[in-house]
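In: Have a look at this fold, sequence not included:
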Ligand SMILES: Nc1ncnc2c1ncn2[C@@H]1O[C@H](COP(=O)(O)OP(=O)(O)OP(=O)(O)O)[C@@H](O)[C@H]1O
Ligand SMILES: [Mg+2]
């Protein structure tokens, strides 16, 4: 699409000259001879950019800018003002009133085109960001559930959001901790500033330190320039420390310092950097127990635990199940371009009976899989694969019990590992956690199983 530029100048020679140049560069143009006409044309023609002379009769460029800010938000239409060399002060004032840039007369042709192209590009990026942001916000604004349990948590979360206090989100895996963290940020005064997520389990200690605090140039081999860490990137906004229970002990001490003083050193740095951030942390571990066992610093726990919210497991709020199941069905059916899908009554009942150890995440996965696998518009119980991992119906023996001793043990080991991994949403570290195994030991077991399945 051709970008349309509104040229506003009372000097017809300049207006025509600009029109020729812009049309030669493939822009569409409209001309206004003074400020009053400019305001009319903005309404009628919805241009993408305005080139505005400051020195005009009837209504000066500056007055046009000020009126524009009243009728349309300043950022809606990028404005480049044009001024004679002598009136730089006026240009500065125009910038304060919301102009994107200014050009001095006589106009330099190349410079003119560069400034216009940049303004249009920036405007289009801005629109894209706004569009993506509303999409993301929409995704997170939707906390489904009317049960008393979830309502209570939601109300506390909304109240907490209005304060700047640290929030600790607790609850089993898949209960919606991240969703709530994002929602709290959205409901807070910091909503238009960044929310930066740090996954404390995914990184080794040195990497995590680098990621949080950033580093100075020359801090280590390969650090050829200063890099800001996530704490600094979140300036003014919120930091979400996910899986905080998995943070190493030494790093906990460093984090505590940041929480106390909102100050830290970049790796290899001597200067203190200060930040204004709000902290939200989440874990599916029992932190109080971890404190007792000496794995989690008590002082850090108290810092994080100013407001704590516990998300109830799905099995404790069965009332919400139908609404959640339908919500995910709609989402995935829409994505698969198959609107109008529904659950059979029996399928809905089977879901209501099922204990959902992986909570809402498991429910979403089950529904997503059913949408993909199901050919018809009605999802039946067998499409839900609720017992896909060998979970058996009452009264029935698991098939591997009829195997000889060693094979039976192996089959059972495979079964519980597969199940733990599935319930952890494919995340091996979390699966190891559930099984109370070392992550490396679980990896070795998996490797052994794989070798047995696929002998050389
Ligand atoms: N009340 C809810 N309404 C709608 N969707 C939800 C709700 N709660 C959770 N979800 C969805 O369920 C999925 C899992 O939620 P989330 O990632 O927030 O859980 P979590 O507690 O952080 O899990 P984990 O401990 O495994 O990281 C996400 O896709 C999330 O959007
Ligand atoms: Mg999470």
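Out: On my side now, so go ahead. Bear in mind the structure is a predicted one, so any value in this text is a computation, not a measurement. Ligands and ions are numbered 1, 2, ... in the order given.
In: Might you enumerate the residues of the chain proximal to ligand 1?
Out: Contact residues (Cβ under 6 Å from any ligand atom) of the chain with ligand 1: 142-145, 171, 173-179, 284, 324, 327, 360-361, 364, 425. To be clear about C-beta, it is placed using only N, CA and C from the backbone, and glycine gets the same treatment.
In: List only those of those flagged as buried.
Out: Neighbour-count burial (16 or more other Cβ atoms under 10 Å) applied to those gives 145, 171, 173-179, 284, 324, 327, 360-361, 364.
In: Which members of these define the maximum pairwise distance?
Out: 284 and 327 (22.5 Å; Cβ to Cβ).
In: Just the mean pLDDT for stretch 15-28, thanks.
Out: For stretch 15-28, the mean pLDDT works out to 94.
In: ditto for stretch 413-426
Out: Mean predicted lDDT for stretch 413-426 stands at 83.
In: Okay, buried residues for the lengthiest helix in the chain please.
Out: Using DSSP state H, we find that the single longest helix of the chain is helix 109-141. Neighbour-count burial for helix 109-141 flags 112, 115-116, 119-120, 123, 140 (criterion: 16+ other Cβ under 10 Å).
In: Kindly report the same for stretch 215-231.
Out: 215-216, 219, 223, 227, 229-231.
In: can you check stretch 437-450 too?
Out: By 16+ other Cβ under 10 Å, the buried positions in stretch 437-450 come out as 437, 442, 445-446.
In: swap in stretch 55-73?
Out: 55-56, 59-65, 67-68.
In: Pull the number of nearby residues for residue 362.
Out: 21 (other Cβ atoms under 10 Å).
In: Does it lie in a helix or a strand, and which?
Out: helix 359-373 (DSSP states H and E).
In: From the rest of the structure, what touches that helix?
Out: The contact list for helix 359-373 (Cβ atoms under 8 Å, 6 or more residues apart in numbering) reads 172-176, 313-314, 321, 324-325, 328-329, 332-333, 336, 338, 341, 351, 356, 358, 379, 383-386, 423, 425.
In: Kindly report the same for stretch 322-333.
Out: 142, 144-146, 314, 339-343, 348, 351-352, 360, 363-364, 367-368, 371, 379.
In: and what of stretch 52-69?
Out: 8-11, 14, 34-36, 38-39, 42, 74, 77, 79-84, 87, 90-91, 93-94, 97-99.
In: residues contacting residue 428?
Out: Contacts of residue 428 (Cβ under 8 Å, 6+ apart): 421, 439, 442-443, 446.
In: where along the stretch 101-250 of the chain do the helices fall?
Out: 109-141, 148-162, 177-187, 205-213, 230-233, 249-261 (DSSP state H, counting those that start in this stretch).
In: where does the residue in the chain positioned nearest to ligand 1 land on pLDDT?
Out: Nearest residue of the chain to ligand 1, counting by Cβ to the nearest ligand atom: residue 176, 2.8 Å away. pLDDT, residue 176: 96.
In: do residue 341 as well
Out: 90.
In: Quick check on it: phi, psi?
Out: Here the main-chain torsion angles of residue 341 (degrees, to the nearest 10) amount to phi -80, psi 150.
In: got it, and residue 166?
Out: phi -70, psi 140.
In: wait, what's in contact with the closest residue to residue 168 other than its chain neighbours?
Out: Nearest non-adjacent residue to residue 168, counting by Cβ to Cβ, 6 or more residues apart in numbering: residue 308, 4.3 Å away. Shown in contact with residue 308 (Cβ under 8 Å, 6+ apart): 167-170.
In: what would those look like in JSON lines with pLDDT?
Out: Output for the contacts of residue 308, formatted as JSON lines (pLDDT from 0 to 100):
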{"residue": "167", "pLDDT": "97"}
{"residue": "168", "pLDDT": "97"}
{"residue": "169", "pLDDT": "98"}
{"residue": "170", "pLDDT": "97"}
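In: coming back round to it: write the ChimeraX selection for whichever of the contacts of stretch 52-69 are buried.
Out: Buried residues among those (16+ other Cβ under 10 Å), as a ChimeraX selection:
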select :8,9,10,14,34,35,36,38,39,42,74,77,79,80,81,82,83,87,90,91,93,94,97,98,99
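In: Looking at the contacts of stretch 52-69, which are in strands?
Out: Using DSSP state E, 8, 79-84 are the members of the contacts of stretch 52-69 that sit in strands.
In: Taking these together, which two end up most distant?
Out: The span of those, defined through Cβ to Cβ, is set by 79 and 84 at 17.5 Å.
In: the helices in the stretch 351-456 of the chain, which residues?
Out: With DSSP H, counting those that start in this stretch as the criterion, the stretch 351-456 of the chain has helices spanning 359-373, 405-423, 428-435, 439-453.
In: how far off helix 428-435 does the second one point, in degrees?
Out: Spelled out, that is helix 405-423. 120 degrees (axes from the mean of the first three to the mean of the last three Cα atoms, to 10 degrees).
In: ok, how many other residues are close to residue 352?
Out: If we define neighbours as other Cβ under 10 Å, then residue 352 has 12 of them.
In: so it makes contact with residue 317?
Out: No - here residue 352 does not reach residue 317: they are 11.5 Å apart, not a contact under Cβ atoms under 8 Å.
In: circling back: okay if I get the buried residues of helix 109-141 as a markdown table plus pLDDT?
Out: Listed next are the buried residues of helix 109-141 as a markdown table, based on pLDDT from 0 to 100:
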| residue | pLDDT |
| --- | --- |
| 112 | 92 |
| 115 | 94 |
| 116 | 94 |
| 119 | 91 |
| 120 | 89 |
| 123 | 84 |
| 140 | 54 |
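In: per-residue confidence at residue 273?
Out: In this prediction residue 273 is given a pLDDT of 91.
In: How about residue 453?
Out: So residue 453 comes in at 69 (pLDDT).
In: before we move on, what about residue 72?
Out: For residue 72, the predicted pLDDT is 62.
In: Where does pLDDT dip in the stretch 1-150 of the chain?
Out: 1, 71-75, 85-86, 131, 134-141 (pLDDT under 70).
In: repeat for the stretch 251-400 of the chain
Out: In the stretch 251-400 of the chain (pLDDT under 70), the answer is 387-400.
In: where do the strands sit along it?
Out: Assigned by DSSP state E, counting those that start in this stretch, the strands in the stretch 251-400 of the chain fall at 263-265, 272-274, 278-283, 307-310, 342-343, 378-379.
In: care to break the chain down by domain?
Out: 4-132, 143-312, 327-384, 399-453 (automatic domain parsing).
In: ok now the longest one, how far from the chain's centre?
Out: Meaning domain 143-312. 15 Å (Cα atoms, centre = their mean, to the nearest Å).
In: Kindly report the same for the third one.
Out: In terms of Cα atoms, centre = their mean, the gap separating the centre of domain 327-384 from the centre of its chain is 25 Å.
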